[in-house]
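Engineer: predicted model and sequence below, questions to follow.
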Amino acid sequence: MKKTIVCLFGLLMFFNAAIAQQSSPLKSDYWKGFDRVHFLIGIHPAYVVKPIKALPGNPWVWRASFPDWHTDIDSILLRKGFYVAYVSFDNQYGSPAAMQVWDRFYNLLTDSLKLSSRPALEAVSRGNLYAFGWAKRNPDKVSCIYTETPIYDIKSWPGGKGKGIGDPECWKQLKEVYHLTEEQAMAYKDNPVDNLEGLAAFKVPVLNVIGLNDKIAPREENTDIFVQRYTALGGPAAIYPVADGPQELQGHHFPIRRPEYFADFIFCNSYPVKKILPYIDYINTRSGIANFYKTILKNKKATVAFLGGSITFNPGWRQMICAYLQERFPDTHFHFIAAGIPSLGSLAHSFRLQRDVLDSGKVDLMFVEAAVNDRGSGVDSATQMHSLEGIVRHARKSNPSMDMIFMEFADTYKNNDYDKGVVPGEVFRHEAVAIHYNLPSINLAKEVHDKILNGEFDWNNDFKDIHPAPLGEELYFENIKKFLELSFDRIPADLKITDHALAKPTSKYSFEDGRYDDVTHAQHDANWIYNSNWTPSNHESTRDGFVNVPMLTTETIGATLKFPFTGNAVGIAVVSGDDTGIISYSIDNDAPQRLDLYTEFSNWLYLPYYQLLGKDLKNGKHILTIKIEKDKNPNSKGNACRIVHFLVNG
């Protein structure tokens, strides 16, 4: 007895220190002979049960709803060295508000109490709405899911819109907490049976224990649909039907005769605890995003821009971040600017920033990525630095309080560089600018490389491409989410929004005044044609924003134009297709230089291709001359030049 009291006192002292931010007093008791400590997550009761001797890595089971139902599995796992934890959020049916509390509970247990980063989830009935709601948002943080009589579709229960008997009062309550009308609830597309790609990518095992005659959660409109969809995506799932013993509550309740079997499922999928490299190791917080957070709290209105290439353009992490912000701050109206354009890197970003982002209004937070496309763009390192610095300075001049985040995404070239002990040049330049202007950054390229070496996944089977498979999109999202959580953890002392001090430029030639200039401003001979709505004559692929737009085009050898401009840098944005030619160009009648506009992608894609034709010029008036050359790339079918924009810094 004395030893038990000492153990409980020690547990209490540990929890007191770890949960110092909780305002309510802690309570303690015993659960099945094990020490249990109660506390609050906000206003929501929670507890943790401690094993007598925890296993290395502190594995744990997270109960979702009905924590006192069929507890034999938990007793077995406690004896083996698992923790058992629970947070109560009744009558929320796994709503977005409930998921915010689950996030706080998870962060407390893993950050402060140092429990494993990948708990096993245990769900019963409607608890499955919570377990899968959280697991789909956090597939990287779940070791396995054990679920009894699971609800996989709200239309089945509590809706009762199919074979299930439903519950009208619970259906009404669910619609209220989800803020859905009847029509919206019927069309809801984020049930536990939906959007399983991320969970399947992380190969999270799911064991479904069901009754064969369950009239509350009929298998054919719940478990069967889930297993079919999940396994089709490569996710491991199994069904264990219980046919013996009394089948009560219309087949929804039944006895668990083999708790050891199910405890082994959890044990084997959760232990040994795998060492997972923490996201925080790759996040550089620096000045943070306090202004953005204050804008949310103070104005209940905020604008978020995403400036990048195809990894930003494609569905994935960007939409996840938008959903996360909307769920975390449901009373805030967010305006999201999707300014990702495939194939474009920092040079293009610096000149299109004004039109594609800043012209949409005051931006409070901007995500910037260019490290992947900068590698293959052929743009030299000095120009990359001018471009990245120009983006920062241009953005901060438009709104001095704007917060920014630099992100360096992964590719095989960067993996190879890190294998050699070399920091990839694009990452180095992104970080150099981020450090100089004290911007937050996330080195996802280094993290992907390190996690591959750590055995957490591999490139070919899991990440697959520079355009990440679902696992990669989830990984990118979870890193950014971790950074945002760190930023939002503390309420600021005041809500005063302050301007960022703008550091001195590293070069007077940075593209901080980069802009598009209209092609109609060029003076050209009769061989050039202004096409107000260009489309390709063949069926090759195009990029959004570079088709059905005005262009200045020619296919004629010797065609010449002159473009007068004022500034210290000039360039062109062209569409490079399978008939693209070679140009010669000069500035202020200097010696002509040649440029082949045909790229390695031009044989199948009309590629947006940005080329700087003059930089580090004396700030003032200049004239750019362009002429179509007779010779062409041996792979090209012609001598075409299609100019979408002139690029001017000044």
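Structural biologist: Nice, I can see it.

Engineer: for the stretch 451-600 of the chain, which segments count as strands?
Structural biologist: 514-517, 523-524, 529-534, 549-554, 560-567, 569-576, 582-587, 593-596 (DSSP state E, counting those that start in this stretch).

Engineer: what comes up buried for the fifth one?
Structural biologist: Same thing as strand 560-567. Buried residues in strand 560-567, counting neighbours by 16 or more other Cβ atoms under 10 Å, are found at 560-561, 563, 565, 567. No exception for glycine: its C-beta is placed from N, CA and C like everyone else's.

Engineer: check the fourth one too.
Structural biologist: Applying a neighbour-count criterion of 16+ other Cβ under 10 Å, the buried positions in strand 549-554 are 550-554.

Engineer: just the first one next, same as before
Structural biologist: Neighbour-count burial for strand 514-517 flags 514-517 (criterion: 16+ other Cβ under 10 Å).

Engineer: same question, stretch 579-598
Structural biologist: For stretch 579-598, a neighbour-count test (16+ other Cβ under 10 Å) marks 579-583, 585-587, 597-598 as buried.

Engineer: quick revisit: of the buried residues of strand 560-567, which is the nearest to residue 503?
Structural biologist: Among the buried residues of strand 560-567, residue 567 lies closest to residue 503 (Cβ to Cβ), at 22.4 Å.

Engineer: am I right that the closest one is in contact with residue 649?
Structural biologist: Yes - under the criterion of Cβ atoms under 8 Å, residue 567 makes contact with residue 649 at 4.9 Å.

Engineer: just send the buried residues of strand 514-517 back as CSV, with pLDDT too.
Structural biologist: Shown next, in CSV, are the buried residues of strand 514-517 (pLDDT from 0 to 100):
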residue, pLDDT
514, 98
515, 98
516, 98
517, 98
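
Engineer: distance to residue 52 added to the strands of the stretch 451-600 of the chain, as CSV?
Structural biologist: As requested, the strands of the stretch 451-600 of the chain are exported to CSV (distance: least, Cβ to Cβ, whole Å):
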stretch, distance to residue 52
strand 514-517, 65
strand 523-524, 84
strand 529-534, 74
strand 549-554, 70
strand 560-567, 73
strand 569-576, 68
strand 582-587, 77
strand 593-596, 73
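
Engineer: and stretch 425-437, what's buried?
Structural biologist: For stretch 425-437, by 16+ other Cβ under 10 Å, it's 425-431, 433-434, 436-437.

Engineer: for it, give the mean pLDDT please.
Structural biologist: Here stretch 425-437 scores 98 as its mean pLDDT.

Engineer: distance from it to the middle of the chain?
Structural biologist: 21 Å (Cα atoms, centre = their mean, to the nearest Å).

Engineer: ok, of the buried residues of strand 514-517, which one's closest to residue 617?
Structural biologist: For these, the nearest to residue 617 is residue 514 (13.8 Å; Cβ to Cβ).

Engineer: any idea what the closest one is bridged to?
Structural biologist: residue 649 (DSSP bridges).

Engineer: that one reaches residue 355, doesn't it?
Structural biologist: No - using Cβ under 8 Å, residue 514 makes no contact with residue 355, being 10.3 Å away.

Engineer: if we can go back for a sec, including secondary structure and distance to residue 290, could the buried residues of stretch 425-437 go into JSON lines?
Structural biologist: Converted to JSON lines, the buried residues of stretch 425-437 look like this (DSSP: H, G, I helix; E, B strand; the rest coil; distance: Cβ to Cβ, whole Å):
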{"residue": "425", "secondary structure": "helix", "distance to residue 290": "31"}
{"residue": "426", "secondary structure": "helix", "distance to residue 290": "28"}
{"residue": "427", "secondary structure": "helix", "distance to residue 290": "26"}
{"residue": "428", "secondary structure": "helix", "distance to residue 290": "27"}
{"residue": "429", "secondary structure": "helix", "distance to residue 290": "26"}
{"residue": "430", "secondary structure": "helix", "distance to residue 290": "22"}
{"residue": "431", "secondary structure": "helix", "distance to residue 290": "21"}
{"residue": "433", "secondary structure": "helix", "distance to residue 290": "20"}
{"residue": "434", "secondary structure": "helix", "distance to residue 290": "17"}
{"residue": "436", "secondary structure": "helix", "distance to residue 290": "19"}
{"residue": "437", "secondary structure": "coil", "distance to residue 290": "15"}
